[in-house]
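J.: got a predicted model here, sequence first, then my questions.
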Amino acid sequence: MPKASIVVPAFNCASTLPETLVSLRQQSFRDFEIVVIDDGSTDETPQIAQEHAQCDPRIRVVRQPNRGLAGARNSGIAEAKGEIIGFCDADDLWHPNKLANHVDHFDQSPHVGLSYSGSELIDEASQPTGHAQRPRLTGVTAAHVFKRNPIGNGSAPVFRRAALQSLAWRPRHERQRDWVFDETFRQSEDIECWLRFALTTDWVIEGIPGLLTGYRLNGGGLSANVDRQLETWERVVTKLRPLDPAFFAKHEDTARAYQLRYLARRAVRSSDASTAVTMVRKSMRSSTKPLLEEPLKTLTTWAAAHALARFGDAPLRRAQSLLRPMKTTQN
Amino acid sequence: MSTRPVILHIVDDTTPGGVMRVLEHLVTCPLVAQSAEHTFQSVRRDRPLPGVRADIIVSHLSISWRSLPKLISFRARHATTPLVHVEHSYTEAFTALNVPSRARFYTLLRTAYALFDRVVAVSEAQGEWLRNRALVRAQALRVIASCVNLDRFRSLPRSNAAPTRFGAIGRLDRQKGFDLLIDAFRAVPNPSLRLDIFGDGPELPALKSQAAGDPRIHFRGHSASPEAAIASVDAVLMPSRWEAFGLVALEARSAGRPMVLTKVDGLADQATDGVTTLKGHVASAWSDAIAALSKQAPQGDIAASTANAEAVFAEGWSSLISELHGEVEKQAA
C-alpha cells in the first residue's frame, strides 16, 4: 500500500498531461501512486496516460464518462489507496519536493488534515509569469478560507485520507461511490469544498513554506466568465450558509468584496475595462474591509481598472512588464 | 451496604437541561445505586472549587482556560482520590463551528484531561474524536452513553398512522439548527402537517419572524416535562449543528417516535431503525425527509434499540467504579 496517492483529473489535456506526469514521477518522496482519471477525453489523453502507466507501475489510469472536475476528483479519491491524498490538475506541475514536504508536515502535525503550499503561476509555455500565490500559512480559520482562500488552487492541497473521508456523503441518486467535491458545481468546486471542510470538520488547515505548485494560467477570454463565476460563488454561499448563518452574517459581505476584487483583477488582466470598473465598484459597495485590510492591493486594483478604462491597455501592459519581477498576487 | 464506595459528582451548570437530567438519573437510578452511592454537589463558576471528601470524584464541569487553574488546584488537593471527568460539551462539530484556534484549544483539552484518572465520553462518536485527536490517553478513555429513566417515554401511546405532527425540542440556540428546520418545513406544501417547537432561548424572535405566515408552525415555549412534549407529537426532528450525545433523540426513540437527525457527533450513534440521518445542513434534503416521513407509517419497533439503555449505562458506571476502586485498594495494600 503506497503512503500517498496523487489524483490527476484529466480531460482533453494531451498537450499538458505529459509534463504534469513527469513532474509527479520525479517527486523526491517515492512511496506513492498516481491515479489518472480520464474524464471522458476525446483527444489523445487516455493513450498518453497509458504510455506513462506502462513505464511506471505507480501510475493507474481509470476511464469514465465525463463527470467534470469534481466528479473526476471524487472517482480518484474512491480509487486512491494512500493515507495521504493530493490533487494535481492535468495542466499543473508539482515541485520535486512537494510531496516530501507535505508528508513531513503530516508526520509532525497530527491535527493537520489539509496541508497546502503557495504556487508559482506559469504560462502556456510552462514559464513562470513572475506572479505567485503566497498565502497565509498558519492560524488559518474558516473566515480566512472564505475571504482569502489561502489554499489557492486545486493542485495545491494535500489531504489526510481520514480528513477527506469526514467530508464524504452519498447523494441519493449516486450509485457508484461517495462524493467529497460537490459535482453539481462546474466552477467554484474548490472553494466550496475547502470552506465546507473548514466549517464541518475540526481538522487544522495549515500551509508549508515554498511555492511548490506550478499553477497554469489559461489565456484568452476569461472575462466572459466573470458573471457566471460570480453566480456560482453566490451559489456556494447559499448552499453553505445554513451550516452556520451567524458566520455568514459576519463575513459574507467582506468575502464578497474580495471575490469581486479578484474578478476585477482578472478583468484587468484580460483588458476588459468595463467589467473591471463594474466589479471594483461592486466590491467597494459590498464592503470597505478589503481597503482597510489590504489597502495597497485594493487601491492598485481600483487604479488599474480606472486606468484601463481611461487610457486603454497599452500603458498598463508596459507598467506590468516593468513591475513583473517584483510583483506577487494572491488569488 | 456500608461498603459501597461514595461517588461525588460535581457540576457547575445547574440550568435545567440534559446534563442535570443525566445527573438526576445517576443519583436516583436503583441499578446504578447497586455498585455505589452517588451524590452530587453544585459549585459556582466564579469561586474556587471546594475541598470535598468521597471515594471517587466525578467532574461534570465545563473546561476552559479560566477554569484550568482551579482544576489544577483541585487535583493537587485531592491527590489520592480518583478523579473522573465526563465531557458533556466538546465534540468535533462544536470545534469546527466555534473554535478558530484549534491547536490552542487542543492544548487546553489535553492539559485539562491529563489531570483526571479517567475521561468519560458520552457517545462513541465523541470518544472516537477524543482518541483520534489524541486528547485523552487511550487507557484513560471510557465511553458511557448518557441515559435517563426511559420508562415514562416507553409507556407513551404510539400512533400507527403516518406522522402529521412534528416536534422539535431544545434550547432556541444556533446549536439546535431550528432555523434550518423552519425553512425546510415551510418548503413542504402539505397543509395537514404541523410543527411544534418546544424551547426557549436567544433565537426565539428570529425564529418567529422566520416562521411568520405559516400557520402550521407553533412555538410552545419551554416544556418542563420532555415526555409531555414528545407525547404531543408523532415524530421528532433534530437538526443540531453539534451534539455530544443528544438526549432528546434517545427519549424520542424510546417513545417509538420516528426521527430525522443530522449525522453529526453523538447523533450519528443514534442512527437506529426508524431514524433518518442527513449529512450537512441542506434545507432541501430536510424537506424531502420530512415529506417522506409524513407518507409512511412507523415501521417496526423503533423503541427496541433503547430497551437496555439504562442497564448499559449502569454497567458502564459500575465497571468504571470497580476498576478505579480496585486501583486505590491495590495502592493501599
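T.: That came through, no problem.
J.: look up how far A:Arg256 lies from A:Ser287.
T.: To A:Arg256, A:Ser287 is 7 Å away according to C-beta to C-beta, to the nearest Å. For the C-beta atoms, the positions are set from N, CA and C on the backbone; glycine is no exception.
J.: what about the residue nearest to B:Asp183 when sequence neighbours are not counted, how many residues nearby?
T.: Once flanking residues are discounted, B:Asp183 sits nearest to B:Ala283: 4.6 Å by C-beta to C-beta, 6 or more residues apart in numbering or on different chains. Per other C-beta atoms under 10 Å in any protein chain shown, the neighbour tally for B:Ala283 reads 20.
J.: who's in contact with B:Ala283?
T.: By C-beta atoms under 8 Å, 6 or more residues apart in numbering or on different chains, the contact list for B:Ala283 reads A:Pro242, B:Leu180, B:Asp183, B:Ala184, B:Ala187.
J.: what segments of the stretch 51-200 of chain B are helices?
T.: Along the stretch 51-200 of chain B, the segments classed as helices by DSSP state H, counting those that start in this stretch run B:68-77, B:92-98, B:102-113, B:124-132, B:151-154, B:178-186.
J.: need the winner for burial among those.
T.: The highest mean neighbour count among those, using mean count of other C-beta atoms under 10 Å in any protein chain shown, belongs to helix B:178-186: a mean of 24.
J.: how about it as PDB, C-alpha atoms only?
T.: Only the C-alpha atoms of helix B:178-186 are listed here, as PDB (Å, rounded to 0.1, in the frame of the first residue of the first chain):
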ATOM      1  CA  PHE B 178     -34.200  25.100  14.200                       C
ATOM      2  CA  ASP B 179     -33.600  28.000  11.700                       C
ATOM      3  CA  LEU B 180     -32.800  25.400   9.000                       C
ATOM      4  CA  LEU B 181     -35.800  23.300  10.100                       C
ATOM      5  CA  ILE B 182     -38.300  26.100   9.700                       C
ATOM      6  CA  ASP B 183     -37.000  26.800   6.200                       C
ATOM      7  CA  ALA B 184     -37.200  23.100   5.400                       C
ATOM      8  CA  PHE B 185     -40.700  22.600   6.900                       C
ATOM      9  CA  ARG B 186     -42.100  25.700   5.100                       C
END
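J.: now it, how far from the chain's geometric center?
T.: 22 Å (C-alpha atoms, centre = their mean, to the nearest Å).
J.: chain A contacts on the stretch 201-333 of chain B?
T.: Counting by C-beta under 8 Å from any C-beta of the partner chain, the residues of the stretch 201-333 of chain B close to chain A are B:Arg241, B:Lys279, B:Gly280, B:His281, B:Val282, B:Ala283.
J.: do you know the pLDDT at the spatially closest residue to B:Arg186 that is not a sequence neighbour?
T.: Nearest non-adjacent residue to B:Arg186, counting by C-beta to C-beta, 6+ apart: B:Asp214, 5.3 Å away. Note on B:Asp214: pLDDT of 96.
J.: would you reformat the contacts of B:Ala283 as JSON lines and include pLDDT?
T.: Converted to JSON lines, the contacts of B:Ala283 look like this (pLDDT from 0 to 100):
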{"residue": "A:Pro242", "pLDDT": "94"}
{"residue": "B:Leu180", "pLDDT": "95"}
{"residue": "B:Asp183", "pLDDT": "95"}
{"residue": "B:Ala184", "pLDDT": "96"}
{"residue": "B:Ala187", "pLDDT": "97"}
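J.: got the contact list for B:Ala114?
T.: B:Arg137.
J.: please identify the helix or strand for residue 49.
T.: Just going to use chain A. Using DSSP states H and E, A:Ala49 sits in helix A:45-55.
J.: could I get the buried residue list for that helix?
T.: By 16 or more other C-beta atoms under 10 Å in any protein chain shown, the buried positions in helix A:45-55 come out as A:Thr45, A:Pro46, A:Ile48, A:Ala49, A:His52, A:Ala53.
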